[in-house]
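[1] Pasting the sequence and the predicted model now:
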Amino acid sequence: MVGTSKTSDNGPKGETLFYQWDLISGPLQRISGNRDYWTQPLLTLEHLNVGKYIFKLRVTDGDGAVGVAYANVTVQAEPDYPPTADAGASVLIQLPHDE
């Protein structure tokens with residue numbers, strides 16, 4: 001889905017690590033977010049549709065060793081709470097008597 005890039009993070013031997021996130025499954029949509037995030041250790045996304053997503057993270061070190069992990073993300077709809085109605089405190093009104 002996206003290319004890899006060097007980051008400032010280093011592996012256990014001090015080598016540069018390369019990160020690549022991929023969307024494996026989820027609702028079809030255009031996912032917003034800075035494209036640079038797809039090649040960082042932490043993926044940051046915005047405005048996801050309701051549904052279940054699976055993301056794959058592939059980390060490669062300078063020697064070509066590869067590690068892969070998956071992240072399952074469930075996005076739920078925002079609750080639709082009913083509005084609160086408040087008519088205020090009770091009021092007693094006395095009208096004059098016309099005799």
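    Now that the structure is in, tell me what you want to look at.

[2] Any regions of the chain where pLDDT drops low?
    Across the chain, the ranges flagged by pLDDT under 70 are 1-13, 28-37, 99.

[3] if I look at the residue nearest the centre of the chain, how far off is Gly26?
    Nearest residue to the geometric centre of the chain (Cα atoms, centre = their mean): Leu45, 4.6 Å. Between Leu45 and Gly26 the computed distance is 10 Å (Cβ to Cβ, to the nearest Å). (C-beta placed from N, C-alpha, C; glycine too.)

[4] Ok, Trp38 next?
    Distance of Trp38 to Gly26, given as Cβ to Cβ: 14 Å.

[5] between these two, which one's more packed in?
    For Trp38 versus Gly26, neighbours defined as other Cβ atoms under 10 Å are more numerous around Trp38 (22 against 16).

[6] Doesn't the more buried one belong to a helix?
    Yes: counting by DSSP: H, G, I helix; E, B strand; the rest coil, one finds Trp38 located in a helix.

[7] and Leu42, how many neighbours?
    8.

[8] do you know how far Leu23 is from Ile54?
    Leu23 is 8 Å from Ile54, by Cβ to Cβ.

[9] So these two - more neighbours on which side?
    Neighbour totals were compared for Leu23 and Ile54, and Leu23 leads with 17 against 13 (other Cβ under 10 Å).

[10] can you map out the strands along this protein?
    Under the criterion DSSP state E, the chain contains strands at 5-10, 16-25, 51-61, 66-75.

[11] need these in JSON lines with distance to Asp98, can you?
    Shown next, in JSON lines, are the strands of the chain (distance: least, Cβ to Cβ, whole Å):
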{"stretch": "strand 5-10", "distance to Asp98": "86"}
{"stretch": "strand 16-25", "distance to Asp98": "78"}
{"stretch": "strand 51-61", "distance to Asp98": "69"}
{"stretch": "strand 66-75", "distance to Asp98": "66"}
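
[12] neighbours around Gly62, how many?
    14.

[13] you'd agree it is up against Gly14?
    No: the criterion here is Cβ atoms under 8 Å, and Gly62 misses it with Gly14 at 9.3 Å.

[14] Pull up the overlap in contacts between those two.
    Counting by Cβ atoms under 8 Å, 6 or more residues apart in numbering, no residue touches both Gly62 and Gly14.
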